[in-house]
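**Q** below: sequence and its predicted model.
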There are 2 protein chains.
Amino acid sequence: MEGEKNIEAHRPLMKTPLVLAVDAGGTNTVFGLVDHMGSVLIKTNVATLDFDRPDALVQYVYRKFLEEFSESVPAFTLEGIGIGAPNGNFFRGTIEHAPNLPWKGIVPLASMFTETFGVRSLITNDANAAALGEMQFGAAKGMKDFIFITLGTGLGSGIIVDGKLVYGHDGFAGELGHTIIIQHGRPCGCGRRGCLEQYCSANGLVKTYREIMMGSGLPAGNLGEMQAKTVFDLAMGGDEAAFYAFNYTGELLGYALANAVAFTSPEAIFLFGGLADAGELLFNPTILSFEKNLLGVYRNTVSILPSALPENDAALLGAASIIWTAKN
Amino acid sequence: MEGEKNIEAHRPLMKTPLVLAVDAGGTNTVFGLVDHMGSVLIKTNVATLDFDRPDALVQYVYRKFLEEFSESVPAFTLEGIGIGAPNGNFFRGTIEHAPNLPWKGIVPLASMFTETFGVRSLITNDANAAALGEMQFGAAKGMKDFIFITLGTGLGSGIIVDGKLVYGHDGFAGELGHTIIIQHGRPCGCGRRGCLEQYCSANGLVKTYREIMMGSGLPAGNLGEMQAKTVFDLAMGGDEAAFYAFNYTGELLGYALANAVAFTSPEAIFLFGGLADAGELLFNPTILSFEKNLLGVYRNTVSILPSALPENDAALLGAASIIWTAKN
């Protein structure tokens, strides 16, 4: 038949499947095109606060996609849109009551993207997304059980069990930053006291350093404006109080992570983000406390490791991997 | 053809598929035949300590199976052997260093059963097994995300995520009884201090009551021989110290369970075992503390419920469901 002879001629042009990754943050929203190997082909960012309504952001992203991305990137198919956002709910495709975003209440962001772009859109919170990114593109490749911790302003987490992200019954699983580590401890933005992220995060480290200095009576410069980076520099310069602040942070983090192991028995725990970049200053006391607090059966079987995601693109890679891992 | 006419005549006798369920405990080992609806067709028990070697127990079970079970139960096929045992490891089919069993070290119990019976054998710890039993036969039917807690001498737990038991990387996930709830707290048999089961268990309740009475200077009878049942009876009779002991137990349990929710975001948490039978005395303070300690996003969304497994057969039903749920 004639058709058989013309198969070669009719073969369609091969198009690269890409994902539009969106990282919606309190300050900036970054978005870009990511392939299944984790290459970011193009990206841009915009101030989230410029959009008093979420659909205005969606329209902005759509215009950029049509006018810039589609022009700059050679033939591709859009496989879907992966969105990482604070309080992102995977099951409902929503952002729900995110305190750091300009849009209040429940925002159906995934369906807004789907309606505009005509492809499926999936959302989860940024730490969950980064956990998926670590599994697909980072140091957790091939691992089926691990915990991913982001140590930034707060403490976020994503839990992988048997190769899948744990969403739980309502899509909000993996909030280790809001486990209460010290009853009646430091007040937290969530309205309770003693949450892990009040101690083990960049802000927590600064609070600990301030408490030490205010208790010491030593001159301490302007404690109110202190940043975690300053505490790091002080500790590296031999400042004992700063060094102790890192030790205390690591001691509590190790204790909390040892308890976490008793839940899902992971192969590894990855630490990501600004505070994790402190390296041995944080990892040494964390691992020491971790092993000390670990139940015997788990001892020396769980690695605490730095994330291998590139810091600049981690959020985008995470957002992209929501789509890539959902394909399997 | 002739064969076609004789299909009816050649139809084999319908045999009921059954599982041999084995609950190996520190005192007794119970075993019996269980169908996929959760009916225990026959069972018996034997003192575990009568067997100084595990293969002697396997041979004993085999003889009972051949001589009694197979005689008493009408035509059946043996689908597999499900074993619930302390420190049971699902991945390796072993019991590993169980302090309360007569067999030391690592015991490959599943392969012993498989070699003797010629069917597949699966093992996990008793609390994990009971969690599977609750999902297949109990109040968690149709639930995909829940936590199961046994409150007996100690505190055991099994975590179900997305319809599957969480085994973790090494098969020992779900040891909530050994999360450290109070740093530098009561010494635990595991060699550490402050484990949840030192507070929230039958033994923990008695310890709390003793601490209250010894601190009070009131006459307290023979505190050394006190049982949880005695504390229950005292509380029901209006004894304030016993009532307070239950309140304290529930307060810590609710706090621990609120933290647990931040891991896997379950639909419900089931309480099983002797201490759970105390009913409102335990559930009221537990739920009060649970809701108080819960992160806002989870509040009023997670039920704390009594297990619906029949207390007498819970262990057997759990062991059987290791095989039944593995079939899916």
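**A** Thanks, I have the structure now. Numbering: from 1, shown residues only, chains lettered A, B, ... in the order given.

**Q** A:Phe270 bridge partners, please.
**A** Counting by DSSP bridges, A:Phe270 is bridged to A:Phe148, A:Leu305.

**Q** so what touches the helix or strand in which A:Thr150 is found?
**A** Applying DSSP states H and E as the criterion places A:Thr150 in strand A:146-151. With contacts defined as C-beta atoms under 8 Å, 6 or more residues apart in numbering or on different chains, strand A:146-151 is touched by A:126-127, A:130-131, A:134-135, A:140, A:155-160, A:176, A:200-202, A:257, A:260, A:264, A:266-276, A:282, A:307, B:169. Where C-beta positions appear, they are placed from N, C-alpha and C, glycine not excepted.

**Q** again, only using 6 Å
**A** A:127, A:131, A:134, A:140, A:156-160, A:201, A:260, A:266-273, A:275-276 (C-beta atoms under 6 Å, 6 or more residues apart in numbering or on different chains).

**Q** before we move on, what about stretch A:99-119?
**A** A:26, A:49, A:54-55, A:58, A:62, A:78, A:80-81, A:86, A:93-96, A:121, A:123.

**Q** pLDDT below threshold where in the stretch 101-250 of chain A?
**A** Where the stretch 101-250 of chain A drops to pLDDT under 70, the residues are A:219-224.

**Q** quick check: the residue of it nearest chain B.
**A** As assessed by C-beta to the nearest C-beta, chain B sits closest to A:Gly168 within the stretch 101-250 of chain A, at 2.5 Å.

**Q** that residue: what secondary structure?
**A** coil (DSSP: H, G, I helix; E, B strand; the rest coil).

**Q** got the contact list for the spatially closest residue to it that is not a sequence neighbour?
**A** Excluding the flanking residues, the one nearest A:Gly168 by C-beta to C-beta, 6 or more residues apart in numbering or on different chains is B:Ser265, at 2.5 Å. Going by C-beta under 6 Å, 6+ apart, B:Ser265 touches A:168-170, A:172-173.

**Q** can I see the domain layout of chain A?
**A** As assigned by automatic domain parsing, chain A contains the domains A:2-132+A:313-326, A:142-306.

**Q** tell me the most buried of the ones you listed?
**A** Neighbour counts (mean count of other C-beta atoms under 10 Å in any protein chain shown) averaged over each of the domains of chain A peak at domain A:142-306, with a mean of 20.

**Q** so where do the strands sit in chain A?
**A** A:16-24, A:28-34, A:40-47, A:76-84, A:88-89, A:94-96, A:106-107, A:121-124, A:146-151, A:155-161, A:164-165, A:268-272, A:303-306 (DSSP state E).

**Q** right, and A:Leu282 touches A:Tyr248 too?
**A** No - the pair A:Leu282 and A:Tyr248 does not pass the contact test of C-beta atoms under 6 Å, sitting 11.0 Å apart.

**Q** which residues touch the residue nearest the centre of chain A?
**A** Note on chain A: the residue nearest the mean C-alpha position is A:Ala127, at 2.7 Å, using C-alpha atoms, centre = their mean. Listed by C-beta under 6 Å, 6+ apart, the contact set of A:Ala127 reads A:150, A:156-158.

**Q** repeat the analysis, applying 10 Å as the threshold.
**A** A:84, A:86, A:88, A:148-150, A:152, A:154-159, A:174-177, A:272-273, A:315, A:318 (C-beta atoms under 10 Å, 6 or more residues apart in numbering or on different chains).

**Q** for the stretch 101-250 of chain A, what lies in contact range of chain B?
**A** Counting by C-beta under 10 Å from any C-beta of the partner chain, the stretch 101-250 of chain A comes close to chain B at A:143-147, A:157, A:159, A:161-162, A:164-183, A:188, A:190-196.

**Q** again, only this time at 7 Å
**A** Within the stretch 101-250 of chain A, the positions lying close to chain B (C-beta under 7 Å from any C-beta of the partner chain) are A:145, A:159, A:161-162, A:164, A:166, A:168-170, A:172-173, A:175-176, A:178-180, A:183, A:190-191.

**Q** which helix in chain A runs the most residues?
**A** Counting by DSSP state H, the longest helix found in chain A is helix A:240-264.

**Q** that'll do, ta.
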